[in-house]
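I would like the atomic coordinates for the input below:
(chains A and B)
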Amino acid sequence: MIPIADPNFAEASWILVVKSIVIFGVVMGIVPLLTVAERKILGRFQNRYGPNRVGPFGLLQPLADAVKLISKEAYRPQNAVGILWTLGPVLVIFSGLAALAIIPFGDVKDGVGFYGIDVPIGILYFFAFGSFAFYGLLLGGWASGSKYSFLGSMRSAAQLISYEISMGLALLGTIMMAGSLSLTQIVGFIVFMVAGFAEANRAPFDLPEADAELVAGYQTEYGGMRYGSFAMAEYVEMFVISGIAATFFLGGWHGPGPGWLDPIWVLVKILAIVFFYMWIRATLPRLRYDQLMSLGWKILLPLATLNVMVTAVLVTVT
Amino acid sequence: MNGDKRFPYLPDEHVVEVERGPQPGGPKGAYRAFGETLRGLKTTFARIVEGPVTIQYPEQKTPVYPRFRGRHKLHRFEDTGLEKCVGCSLCAAACPADCIRVVAAENDPANRVSAGERYAAVYEINMTRCIFCGYCEVACPFDAITMGHDYELADYNREDLIFTKEMLMAEPVERTPLRREGE
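Numbers count the residues shown, from 1 in each chain, chains lettered A, B, ... in the order given. Below is the predicted model:
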């Protein structure tokens, strides 16, 4: 069965609380490690070590970064729109963490489902919060009162409209195939991954930040832990998208071994996809704005539509 | 003339066929881009297999060549123990950065300091100004001053970087590895 939460399933509220704390704790423990892992892996891709001075193998680097960011002055530009400017990073990290709730880490066992919450709307929840994060980027970038931030947030809006549909259509194929293990969804997987790079603002689609041309895009005027939230949200979002991809295309918690290995399998699959994200970042240069648009509209959208149509025919015929 | 309709006025040998890559864009371009992406992924992954080339500096050091021009050394005659420097100030004259100060004094015949008539009573090199060109070494008629291999000269005060005669005479701590023959 395809791993989507069963809508006719309810559990005690205290279990929900425990689950949220555990999932939050585990993921927020992994995300700082992802930052140092990314720097180390990028380093290896460039024939160097990456951070290895703070703690064993540089593993305490995120701690040092966090201490630095927290102890910085909370600076606000003079022509920033105060409340919106503060709201930006809050929205981004909130939507990232909220989307995390629907990633299943295992099957329902003894009346407890191994996922944050059980939403009847399923995957639409993920799309809702994925797009919600862009309000954070837009508001933050616009309210900064700086031209670079403004350009970055406008780019994120342009990016949003060019990949969201293809992303939805890519998942639609798998949803229609529900019941069989979806190894046939290779095209859907590729389209989803490409759109996922754009969704997580990762290279080669990191146009909203584009540190080479826009300083840091929408986060130019942010400093301290506000900037830290943006940076952390990027990793949380990457984790969420990898989780969705692992659930829909790589079989979720299914894997050899006993039942208690299920969450480990999910984590392994997620981290494998995250590694692929970093690999792509080390390989591809950033696309131009119009190239991303034409890729989204002229290639990804037709591919995803074709994929959905072929899958629909297959599902009807068989 | 030549067969090319576009350039009828040019002699044949001036018209060269240029090999152009395929046009970007379109379904074919997308297909090609996909293949090229895979090729790029292979290239970057090969870098992981190669391993890092970093030298972890304070722990590992690149060996220097024997001719490396590091911190100066002043020398004595090994048999008599007398200083080679006779205080002629040729090094100070040759120094383009003007960082050497020599004050010469007459040798006392009963208690000789150097092998010559005079010796350097004061010999100072200001390492904040030295450009490590090695002209002092070239100018010295007695090979009394040579460039050593030490390049870790950072300090907290500028005053501490004025090296006196005693500091230059002292046997330097060998902190830098030397390259072996043929390395």
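
any chance you could map the helices in the chain?
Answering for chain A, as no chain was given. A:13-45, A:61-70, A:82-100, A:123-143, A:147-176, A:186-199, A:224-249, A:262-283, A:289-294, A:301-317 (DSSP state H).

That was the other one, I meant chain B.
Under DSSP H, chain B gives helices at B:26-50, B:90-94, B:135-139, B:165-169.

contact partners of the longest strand anywhere in chain B?
Assignment by DSSP state E gives strand B:118-126 as the longest strand of chain B. Strand B:118-126 is contacted from outside by B:72, B:74, B:83, B:85-88, B:99-107, B:112-114, B:161-165, B:168, using Cβ atoms under 8 Å, 6 or more residues apart in numbering or on different chains. Backbone N, C-alpha and C define where each C-beta goes, glycine included.

buried stuff in that strand?
B:119-120, B:123-126 (16 or more other Cβ atoms under 10 Å in any protein chain shown).

what do you get for stretch A:59-73?
Buried residues in stretch A:59-73 (16+ other Cβ under 10 Å): A:59, A:61-62, A:65, A:69.

Would you confirm that residue A:187 contacts residue A:307?
Yes - here residue A:187 reaches residue A:307: they are 4.6 Å apart, a contact under Cβ atoms under 8 Å.

Pull up the overlap in contacts between the two.
The contact lists of residue A:187 and residue A:307 share residue A:173, where a contact means Cβ under 8 Å, 6+ apart.

Could you list the buried residues of stretch B:167-183?
B:167-168, B:172, B:176.

so what's the closest residue to residue A:79 other than its chain neighbours up against?
Distance criterion Cβ to Cβ, 6 or more residues apart in numbering or on different chains; nearest residue to residue A:79, sequence neighbours excluded, is residue A:145 at 3.6 Å. For residue A:145, the contacting residues are A:77-81, A:221, by Cβ under 8 Å, 6+ apart.

So for residue A:25, what's the pLDDT?
We have a pLDDT of 86 for residue A:25.

Please report how far it lies from chain B.
Counting by Cβ to the nearest Cβ, to the nearest Å, the gap from residue A:25 to chain B is 31 Å.

what's the burial count for that residue?
Using other Cβ atoms under 10 Å in any protein chain shown, residue A:25 is surrounded by 10 other residues.

cool, and residue B:55?
Count around residue B:55 with other Cβ under 10 Å applied: 9.

Then residue B:70?
Residue B:70 - counted by other Cβ under 10 Å - has 17 other residues nearby.

now residue B:54
Count around residue B:54 with other Cβ under 10 Å applied: 14.

and what of residue B:91?
Residue B:91, neighbours per other Cβ under 10 Å, totals 23.

Contacts only, for it.
Here residue B:91 is in contact with B:100, B:102, B:135-137, B:139-140, B:145 (criterion: Cβ under 8 Å, 6+ apart).

picking up where we left off before, could you redo the helices of chain B as a markdown table and give each row mean pLDDT?
Below are the helices of chain B laid out as a markdown table (pLDDT from 0 to 100):
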| stretch | mean pLDDT |
| --- | --- |
| helix B:26-50 | 85 |
| helix B:90-94 | 91 |
| helix B:135-139 | 92 |
| helix B:165-169 | 86 |
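
could I get those as JSON lines with distance to residue A:26?
Output for those, formatted as JSON lines (distance: least, Cβ to Cβ, whole Å):
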{"stretch": "helix B:26-50", "distance to residue A:26": "27"}
{"stretch": "helix B:90-94", "distance to residue A:26": "68"}
{"stretch": "helix B:135-139", "distance to residue A:26": "64"}
{"stretch": "helix B:165-169", "distance to residue A:26": "59"}
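
tell me which parts of chain A are close to chain B?
Residues of chain A lying close to chain B by Cβ under 8 Å from any Cβ of the partner chain are A:43-49, A:279-280, A:282-284, A:294-295, A:299.

Just the buried subset of these, please.
A:43-46, A:49, A:279-280, A:282-284, A:295, A:299.

is it possible to export the buried residues of stretch B:167-183 to a markdown table including distance to chain A?
Converted to a markdown table, these look like this (distance: Cβ to the nearest Cβ, whole Å):
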| residue | distance to chain A |
| --- | --- |
| B:167 | 32 |
| B:168 | 35 |
| B:172 | 29 |
| B:176 | 22 |
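
one step back: closest one to chain B out of the buried residues of stretch A:59-73, please.
residue A:61 (16.0 Å; Cβ to the nearest Cβ).

Next one: the closest one, what pLDDT does it get?
88.

same question, residue A:113
67.

Within range of chain A, give me the residues from chain B.
Checking chain B against chain A by Cβ under 8 Å from any Cβ, the hits are B:25, B:27, B:30, B:37, B:40-41, B:43-45, B:47-48, B:50-54, B:56.

switch to 10 Å and redo it
Applying Cβ under 10 Å from any Cβ of the partner chain, we find that chain B lies next to chain A at B:24-27, B:29-31, B:33-34, B:36-54, B:56.

how does chain B divide into domains?
B:12-50, B:72-169 (automatic domain parsing).

chain center to the last one: distance?
From the chain centre to the centre of domain B:72-169 is a distance of 21 Å (Cα atoms, centre = their mean, to the nearest Å).

how about TSV for the domains of chain B, with distance to residue A:167 added?
Formatted as TSV, the domains of chain B follow (distance: least, Cβ to Cβ, whole Å):
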stretch	distance to residue A:167
domain B:12-50	18
domain B:72-169	54
